[in-house]
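Undergrad: generate coordinates for the sequence data below:
(chains A and B)
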Amino acid sequence: MKLTRNQWMKVVLALAVVLAVSACGKKQVAAPPPPPPPPQLAPTASLTANPNTITPGQATTLTWNTEHATDVTIDQLGAVDPSGSRTVTPSQSTTYHLVAKNAVGSQEATARVTVVQAPTPPPAQTSNQGEAQLFAQNMQDVFFAYDSYDIEPQYQKALQADARFLKQHPNIKFTIEGHCDERGSTEYNLALGDNRANATKQALVQLGISGDRIRTISYGKERPFCTESTESCWQQNRRGHFVYQQ
Amino acid sequence: MTKRFAAILFVSLLFASSNIPAQDWIRTGTGLGVEKIRLAVPDFKLVSNDTGTPDLAATFNTTLWNDLQFAGIFDMVSKSFYPMSVPGAPQEVHLADWGSPPPSANMLAFGNIGIQGGSLNVQGWLYDAKNLQSPQVLGKQYREEANYANVRLIAHRFANEIIFRLGGGIAGIAETKIYFVSNRSGSKEIWQMDYDGANQKQLTHLSSIALSPHVSPDGSRVAFSGVTKEGWQIQMYSLELGKLVTFQHFSGDNYSPSWSSDGQNIAFSSSRSGNTEIYTVGAAGGTARRLTESKGPDVSPTWNPKTNTQIAWVSGRTGLPQIYTMASDGTNVVRVSDQGYAVSPSWSPNGQFLAFAWVRHYGPGEPGASDIYVMDIASKQWAQLTHDGGRNDFPSWAPDGRHIVFQSSRNGRVQIYSMLADGSEVRQLTAGGENTQPNWSFK
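TA: The predicted structure is shown next:
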């Protein structure tokens, strides 16, 4: 059985998730909290969230530091290590509240995470999704007619949604890959793919996205998404494909 | 009309690039249905062999025969017509037996091979079988270390001598190389082989995508297009050092490099301005000069190797890709192909012809086979060279102007084939994996 590019991506993503999960598990086992020093001073504490504004489903990282504390809790997370970080995905705006205590006294710290509603409700999210996954889920590719690099009117809506997403995530940089179907000649398809990638870029620039965030590359007919010689497969391969970069 | 043009074309190919006056019986020969030179080549006589490797002599004989047959200017006299006693030296030749029926040879090439003390000695002669008074046209002696590669080398050199003498002074191509793309290692890499398909060798090991090899005129470097961290870049492989050497990087995607025949400049396609356009740059780097300015894709430049003042390329400025020519400063743009889907031009060594791949009748309901064509640039007359199905693309001229190498999917997976420039004598050169984008060396 031949795997399409999307199927490959899923396999790779699944492997990545398995690896990430097992890595996290090991870290917790391997780093038990050190025995607290004899408490003589009042504890200090800090708590930050980065980013502190997210859309529903987007993740943010809480980072905290305490000193001299014997007992550290975050209301929403329970008992935690004296210092650490945790990725959270609040579905609504939340103020995270940390309390660090010892025999001498206690110290509090808070961090506010604001959740902004996206204009269009995104599909149901699992927790712990990074920007890359959000990007992959939200950015819709553009498809082309045979031997054409003109953006057809039917893809304007998709591009507008793409532009909205990119405006909500102004730090994301990305690549547009131009692809072609297997018909036609190798070198001409490379050039055609570049024209498709550039046409897609220009459409986003027209919608207010800075060209500095966008790289383009052509893969011609070298990296097809679908490898059968059918029109439906060819259509899949004539595209401007968005790839998360940073 | 087309067929007649093909015949005229082939004959002009034989002589157009030669300043040496051709002999009468060649001019009336090839391609017109008139006799080619009848050449008899009996196996060279094994006079000594202390290695116990008779296959060295067999390799020599096979290589020499194939080189001469593939030259396209000889009618090789079948060995079954030869006299019983095969000559190994001049005193053993009974020339009258060769010039009269059944062999009726015009020319006789013969000689001997000795393998002694690890060294290989070959003596070869070319005799005019109709000139009993002073028959010798050529006498050569070769001495090399005895191994498979040198046996082939000597056979190639002797074949080239014969072809040069009898083929209107055009150098033979038996020592030329073909560069190509193969995916048989798992990724598309640049490979090299002898002109007859022997000694296939992987050059690059980039595990990326390498395309469009184009060897420098002096044979020292191969320019190609490769995917790097900075997108597609023109990359340079040194055949002398056996590794990549640096070549200037440009912004955007850069591909389809082509050397001018003086080795001074490289033309290529770049997307740096957003649209893909044709640029030229000095072979040592420097400021790239833009030659085209059109919204459509512009790609696959090829220099007129005779003058280096013209470039042919492919442009999609009016829709489906067509072949155009322009001066090497970008002026004087002329559209060459008038319809269909025309790509992959290669300019003939004498500057007179373009070979290219063409789907002549293109569109819904058309079968749309891509075939190799040759066009006379001045008259725009063309001849179709391939008729055997499959998708045929990327023709590249041999330096003798008599042969063309190309890729074809006629037998399933795409492989590399060579043929005479009239479409005859097609030979498959590769097997295993997919092999594409052949480029014939300048010498």
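
Undergrad: if the residue in the stretch 51-200 of chain B positioned nearest to chain A is in a bridge, with which residues?
TA: Going by Cβ to the nearest Cβ, chain A is nearest to residue B:188 of the stretch 51-200 of chain B, at 7.4 Å. Where C-beta positions appear, they are placed from N, C-alpha and C, glycine not excepted. Beta bridges link residue B:188 to residue B:209, judged by DSSP bridges.

Undergrad: what does the stretch 51-200 of chain B put close to chain A?
TA: residue B:188 (Cβ under 8 Å from any Cβ of the partner chain).

Undergrad: can you report phi and psi for the residue in chain A positioned nearest to chain B?
TA: Here the residue of chain A nearest chain B is residue A:191; by Cβ to the nearest Cβ that distance is 3.4 Å. Backbone geometry at residue A:191, expressed as degrees, to the nearest 10, gives phi -70, psi -40.

Undergrad: can you name the residue of chain B nearest to chain A?
TA: Counting by Cβ to the nearest Cβ, chain B gets nearest chain A through residue B:297, at 3.4 Å.

Undergrad: the helices in the stretch 1-150 of chain B, which residues?
TA: Along the stretch 1-150 of chain B, counting by DSSP state H, counting those that start in this stretch, helices occupy B:2-16, B:24-27, B:55-70, B:95-99, B:148-166.

Undergrad: out of those, which gets the lowest mean score?
TA: Looking at the helices of the stretch 1-150 of chain B, the lowest mean pLDDT belongs to helix B:24-27 (a mean of 32).

Undergrad: ends of stretch B:400-418, how far apart?
TA: 13 Å (Cα to Cα, to the nearest Å).

Undergrad: from the chain's centre, how far out does that stretch sit?
TA: Mean C-alpha position of stretch B:400-418 versus that of the full chain (Cα atoms, centre = their mean, to the nearest Å) differs by 10 Å.

Undergrad: again, but for stretch B:429-442
TA: 11 Å.

Undergrad: check contacts around the residue of the stretch 51-200 of chain B closest to chain A.
TA: For residue B:188, the contact set (Cβ atoms under 8 Å, 6 or more residues apart in numbering or on different chains) comprises A:222, B:181, B:182, B:209, B:210, B:211.

Undergrad: just the closest of those to residue B:431, please.
TA: residue B:182 (10.6 Å; Cβ to Cβ).

Undergrad: doesn't residue A:236 make contact with residue A:182?
TA: No: using Cβ atoms under 8 Å, residue A:182 makes no contact with residue A:236, being 11.2 Å away.

Undergrad: who has more neighbours, the two?
TA: residue A:236 (21 against 16; other Cβ atoms under 10 Å in any protein chain shown).

Undergrad: assign a three-state SS to the closest residue to residue B:187 other than its chain neighbours, would you?
TA: Ranked by Cβ to Cβ, 6 or more residues apart in numbering or on different chains and with sequence neighbours excluded, the top spatial neighbour of residue B:187 is residue B:207, at 5.0 Å. Following DSSP: H, G, I helix; E, B strand; the rest coil, the label given to residue B:207 is coil.

Undergrad: how much space separates residue B:207 from residue B:391?
TA: 27 Å (Cβ to Cβ, to the nearest Å).

Undergrad: with residue B:111 instead?
TA: If you go by Cβ to Cβ, the gap between residue B:111 and residue B:391 works out to 43 Å.

Undergrad: and what of residue B:294?
TA: 26 Å.

Undergrad: can you give me the strands for the stretch 101-250 of chain B?
TA: All strands of the stretch 101-250 of chain B, identified by DSSP state E, counting those that start in this stretch, fall at B:107-116, B:119-128, B:136-145, B:177-182, B:189-194, B:201-202, B:210-215, B:221-228, B:231-238, B:243-245.

Undergrad: these into a markdown table, with extra columns for mean pLDDT, mean neighbour count and distance to residue A:92?
TA: Shown next, in a markdown table, are the strands of the stretch 101-250 of chain B (pLDDT from 0 to 100; neighbours: other Cβ atoms under 10 Å in any protein chain shown; distance: least, Cβ to Cβ, whole Å):
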| stretch | mean pLDDT | mean neighbour count | distance to residue A:92 |
| --- | --- | --- | --- |
| strand B:107-116 | 95 | 23 | 89 |
| strand B:119-128 | 96 | 21 | 87 |
| strand B:136-145 | 96 | 14 | 83 |
| strand B:177-182 | 98 | 25 | 56 |
| strand B:189-194 | 98 | 22 | 54 |
| strand B:201-202 | 98 | 10 | 59 |
| strand B:210-215 | 98 | 25 | 52 |
| strand B:221-228 | 98 | 24 | 44 |
| strand B:231-238 | 98 | 22 | 42 |
| strand B:243-245 | 97 | 13 | 55 |
